[in-house]
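Task: produce atomic coordinates for the following.
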Amino acid sequence: MNTKSYVDLRIEQLKLKGSDSASKVLAAVLAWMLIIAVALLLLTVLAFAGSLLLGKVLDNYALGAFIVCGALLLVLLVLWLCRKKMFRDELAHNLSGKKDYEDLVRSEELVEARLEDNSTDYLGWSSVGLRAVRILLRVLSRK
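Next up is the predicted model:
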């Protein structure tokens, strides 16, 4: 395997990994959007039913609506205070692609071992130049 074909294969590998990651993220976003839409619809119906029930018990529908609204505001406040731990950290961990990057480094090490076995196929490139190409590809794959 010569260096040009190695670089071409690495670029193709990065393109495939990028499209795979993008499709996984898009599918997850669409699934979460559907789940959130259904949950909001359910919450709306439950809040309306709860306010009607409380209004009938208290003989004041407005008071029942205000009590339900206050309960929902309390839930919103708790979610707002816990947002970093619940959402940002978990989302950052899921989108970091740590497992994918480790797989990329492992596959890169395998290719490097194959290239060292076939050291006559370098087309005159020094090992320093090949390492520079690998470092450049590694940096580009992190973005």
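
name the element residue 66 belongs to?
In the assignment (DSSP states H and E), residue 66 maps to helix 61-81.

any residues touching that helix, and which ones?
43, 47, 50, 51, 52, 53, 54, 55, 56, 57, 58, 86 (C-beta atoms under 8 Å, 6 or more residues apart in numbering). C-betas here are computed from N, CA, C, even on glycine.

Could you identify the buried members of these?
Among those, those classed as buried by 16 or more other C-beta atoms under 10 Å are 50, 51, 54, 55.

Report the contact partners of the last one.
What it means is residue 55. 61, 62, 63, 64, 65.

what comes up buried for the helix holding residue 66?
64, 65, 67, 68.

got any ranges where the chain has weak pLDDT?
1, 86-143 (pLDDT under 70).

what's the farthest-apart pair in the buried ones among the contacts of helix 61-81?
Farthest-apart pair in the buried ones among the contacts of helix 61-81 is 50 and 55; separation 9.3 Å (C-beta to C-beta).

and which of the contacts of residue 55 is nearest to residue 7?
Distance to residue 7, by C-beta to C-beta, is smallest for residue 65 among those, at 65.6 Å.
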